[in-house]
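In: Return a 3D structure for these sequence lines:
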Amino acid sequence: MRYFSVFHVQNMKQLSFGITLIRHGETRYNKEGLLQGQAIDCPLSEIGLQQAEAAGRYLKDVKFSNVFVSDMLRAQQTAETIMKLNSNCSGLQMVSEPLLKEKSFGIAEGKRVQDMREMATAAGQSFLSFTPPNGETEEQVKERVKRFLEKMLGQIGAEHWDDRGEDEASLSASQEMAPVEGKPDDGIRGFPVHALVATHGAYMCVAVRYFVEELNCPLPPGFDKTHMFSLSPNTGLCRFILTMRKEDDKFRISVIRCVFMHRGDHVKQ
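Out: As a prediction, the model looks like this:
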């Protein structure tokens, strides 16, 4: 399926950049259908390490200017593997960010995913929106997403705003409506600023819903919203283009566009 990333820039000072979200590789708990959340900091399994290496090979020639990673081991291992295999990450510092950690599942952590599904069904709620006792609500996770975005915009603005060049915010017409062709650099060709964000499945679900429903990120043509809000596979990739402006010494998102969602070509290959 071919769909398009629509990119629009107003005639004002601003900076556009890419953000690629990746879910960590498989852990033993993932394989056994158990919930990890925050209390269980499980390393990648052998398959998870292979998935991270596959993601690293897939992204090896994609340029990253920034790397932000959950402070949990499974996300850190995934990001480190990708950076090690990337031809442009030499000398780049990985930022460990607690705001990117997985949603807390409270008393359900360490139990079967199926147990939580049954708890959610009994409560008349969907699996991803259900909050087990002592767990985080979707609203609480969303607040962490918002705080991370503020920190990321601040860092990218501090590092790249002043030296971006007078015309950098205005890309050529060929960038607009650029076809998504299944290539590793889809959507970010020509963008000097591109952040890799390594995080977790439930956290990504909340972030994507926030982008679409509150930041008005349009869906790619032909893309099903149900699939948009589904759980990304281990090392699944989601990419967005953000345009930010500066107001009162703060950086804010003015436009956000989705390039692709839940891509797992590297694992299939």
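
In: Distance check, E109 against N234.
Out: Distance of E109 to N234, computed by CB to CB, to the nearest Å: 18 Å. For the C-beta atoms, the positions are set from N, CA and C on the backbone; glycine is no exception.

In: So which of these two has more stuff around it?
Out: Neighbour tally, E109 and N234, criterion other CB atoms under 10 Å: the higher count belongs to N234, 25 against 20.

In: In three-state terms, how would that one be classified?
Out: Following DSSP: H, G, I helix; E, B strand; the rest coil, N234 is assigned to coil.

In: Pull out the buried positions in the strand or helix carrying K84.
Out: Using DSSP states H and E, K84 sits within helix 73-85. The neighbour-count check on helix 73-85 (16 or more other CB atoms under 10 Å) flags R74, A75, Q76, Q77, T78, A79, E80, T81, I82, M83, L85 as buried.

In: what packs against that helix?
Out: Using 3 or more CB pairs under 8 Å, 6 or more residues apart in numbering; DSSP states H and E, the elements in contact with helix 73-85 are strand 15-23, helix 46-58, strand 66-70, strand 94-97, strand 194-199.

In: Mind listing what's buried along stretch 205-214?
Out: Under 16+ other CB under 10 Å, the buried positions of stretch 205-214 are C205, V206, A207, V208, R209, Y210, F211, V212.

In: can you tell me which of the residues you listed are in helices?
Out: Among the buried residues of stretch 205-214, the members found in helices (DSSP state H) are C205, V206, A207, V208, R209, Y210, F211, V212.

In: Spatially, what comes nearest to T27 if we skip its sequence neighbours?
Out: Distances taken as CB to CB, 6 or more residues apart in numbering put C42 closest to T27, at 4.3 Å, once the chain neighbours are dropped.

In: Kindly state the pLDDT recorded for that neighbour?
Out: pLDDT, C42: 95.

In: Report the mean confidence score over stretch 260-269.
Out: pLDDT averaged over stretch 260-269 gives 85.

In: And it, what's buried?
Out: Neighbour-count burial for stretch 260-269, counted by 16+ other CB under 10 Å, picks out F260, M261, H262, R263, G264, H266, V267.

In: Keep only those of those residues that are in helices.
Out: Judged by DSSP H, the subset of the buried residues of stretch 260-269 located in helices is H266, V267.

In: list the helices and strands the biggest strand by length in the chain packs on?
Out: Counting by DSSP state E, the longest strand found in the chain is strand 250-263. Under the contact definition 3+ CB pairs under 8 Å, 6+ apart, strand 250-263 sits against strand 4-5, helix 138-160, helix 201-213, helix 225-228, strand 237-247.
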